[in-house]
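Enquirer: When you get a sec, could you give me coordinates for this:
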Amino acid sequence: MTLISTTKVMRKLPVLICFLLLIFSCAEKASNTEEAQWYKGNLHTHSYWSDGDDYPEMIMDWYKSHGYDFIVLSDHNVLANSEKWKLIPKSPVHRKAFEKYLAKYGEEWVEYREDSAGRKEVRLKTLEEYRPMFEVEGEFLIIQSEEISDSYDKKPLHMNVTNIQKLIEPQGGNSVAEVLQNNLDKVKEQREATGVPMFMHINHPNFVWAITPEDIIQLDGERFFEVYNGHPLVHNYGDSLRPSMEALWDEVQVAYLQEGKPLLYGLAVDDAHNYHVFNEKSSNPGRGWVMVKAKDLSAAALIEAMEAGEFYASTGVTLRDVHFDGKELTISVSEEEGVDYSIQFFGTKKSSPERSGELLHEINGTKASYSLQKDDMYVRAKVTSSKPKENPYQIGDKEVAWTQPVLK
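Expert: The predicted structure follows:
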């Protein structure tokens, strides 16, 4: 009797094992899904290490105290890893900023000296010096970055490298596209050599009208650009002769997909330089950011998520969720009381690629879906609120969010 029962159990073991494995697999997938959460960050910011007007510690404190989860300092053609002394400008604003810095961190931390004319110089702290003051695992992360600032024919060509490990000097080239590609190739080379995930994104294409859609279309391997930049001189909305950043995005997207290239993703950044005077003429923090849905707050996880399109760009609108099941794109807004929302779906039809970025569907509300049609090349969503943007890039701006494009 015992032998028969044991035999029956043994025969059932493979089925039981498969059943348990299936349960564990589903549980693991559910766990991984639950672990992913939204992290707020800015990928373009400046300090006294180049042309910003405040100290790294003061800037880190601003972002951390304003609810950001990760931040970069992307100073021009420099990493904060050497000795640098900053001569403090004579203006009252900068003198007061030094006094605030000294009062906050004290004589034991702040290193400064005076020359024979009574002018103050301050030694800027390196990333490795100030990083331990702010980083908290799972709560706040600083990612090393550089704004490679190159040029062609007097056109400023700027590119940010997120999670860079070693300084990259501007590579130059014989055209706008060649300059961008040469620097992009150098980033790829460093990524492959180090095994560390990093990416380059194109900054403010319309700054001095330097970069056209045609320039970006020629590139091989570019995945990111700034659809919104908070600096007052970058012409986000284009003019009568040149495209807005959204129009540029759609034009390049169509060309990329026609050539079999990956999707191009859009970032929002503040490109902060000015931390003492807040107005529409200044480049202030808090104007644009990205919200990344990642499994943890690490550079590797954030980059992995962004390269998969698991993020959205925002100037104030918060999304509860962005879901794409391969056929239908669904947007849910975290609504604020007294604020109205318009959810628009933009895309391009395969049958009419010359009409890039058409409005395909629009809903007034806090949740909307769009089912991709056979003729749709790709679709992206834009959420516009009725709430005026605080300290806007341009007077009259409302808070907005942009999701990343998807395709079947």
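
Enquirer: what's the nearest residue to Ser356 if we skip its chain neighbours?
Expert: Asp250 (4.0 Å; CB to CB, 6 or more residues apart in numbering). The way it works is simple: take the backbone N, C-alpha and C, and place the C-beta from them, glycine included.

Enquirer: can you list the weak-confidence ranges in the stretch 251-400 of the chain?
Expert: Within the stretch 251-400 of the chain, no stretch has pLDDT under 70.

Enquirer: what ranges do the strands span in it?
Expert: 265-269, 289-294, 311-314, 319-324, 328-333, 341-349, 358-364, 367-371, 376-388, 398-403 (DSSP state E, counting those that start in this stretch).

Enquirer: Show me the strands in the stretch 101-250 of the chain, by range?
Expert: Using DSSP E, counting those that start in this stretch, strands in the stretch 101-250 of the chain cover 112-114, 120-123, 141-152, 155-162, 199-202, 224-229.

Enquirer: Strand partners (parallel or antiparallel) of the fourth one?
Expert: Partner strands and pairing direction for strand 155-162 (DSSP bridges) are strand 141-152 (antiparallel), strand 199-202 (antiparallel).

Enquirer: Likewise for the first one?
Expert: Partner strands for strand 112-114, per DSSP bridges, with pairing direction: strand 120-123 (antiparallel).

Enquirer: Quick one: neighbours of the residue nearest to Val269 when sequence neighbours are not counted, just the number.
Expert: Of all residues beyond its chain neighbours, the one nearest Val269 is His44 (3.6 Å), with distances taken as CB to CB, 6+ apart. When counting by other CB atoms under 10 Å, one arrives at 27 neighbours for His44.

Enquirer: Show the contacting residues for His44.
Expert: His44 is in contact with Val72, Ser74, Glu147, Asn160, Asn203, Glu226, Asn229, Leu267, Val269, Asp270, Asp271, Ala272, counting by CB atoms under 8 Å, 6 or more residues apart in numbering.

Enquirer: Give me the phi and psi for the first one.
Expert: When you say that, I think you mean Val72. Note on Val72: backbone dihedrals following degrees, to the nearest 10 are phi -120, psi 150.

Enquirer: That one reaches Glu146, doesn't it?
Expert: No. Val72 is beyond contact range of Glu146, at 9.1 Å (criterion: CB atoms under 8 Å).

Enquirer: Now the common contact residues for these two.
Expert: Counting by CB under 8 Å, 6+ apart, the residues touching both Val72 and Glu146 are Asn160.

Enquirer: Domain boundaries for this protein, per the record?
Expert: The record's domain parsing of the chain by automatic domain parsing lists 36-82+127-314, 85-123, 319-408.

Enquirer: Please work out which of those is packed deepest.
Expert: Most buried of these by mean neighbour count (mean count of other CB atoms under 10 Å) is domain 36-82+127-314; its value is a mean of 19.

Enquirer: All the helices of the stretch 101-250 of the chain, residue numbers only.
Expert: Secondary structure of the stretch 101-250 of the chain (DSSP state H, counting those that start in this stretch): helices located at 127-134, 176-194, 213-217, 245-258.

Enquirer: Cool, thanks, talk later.
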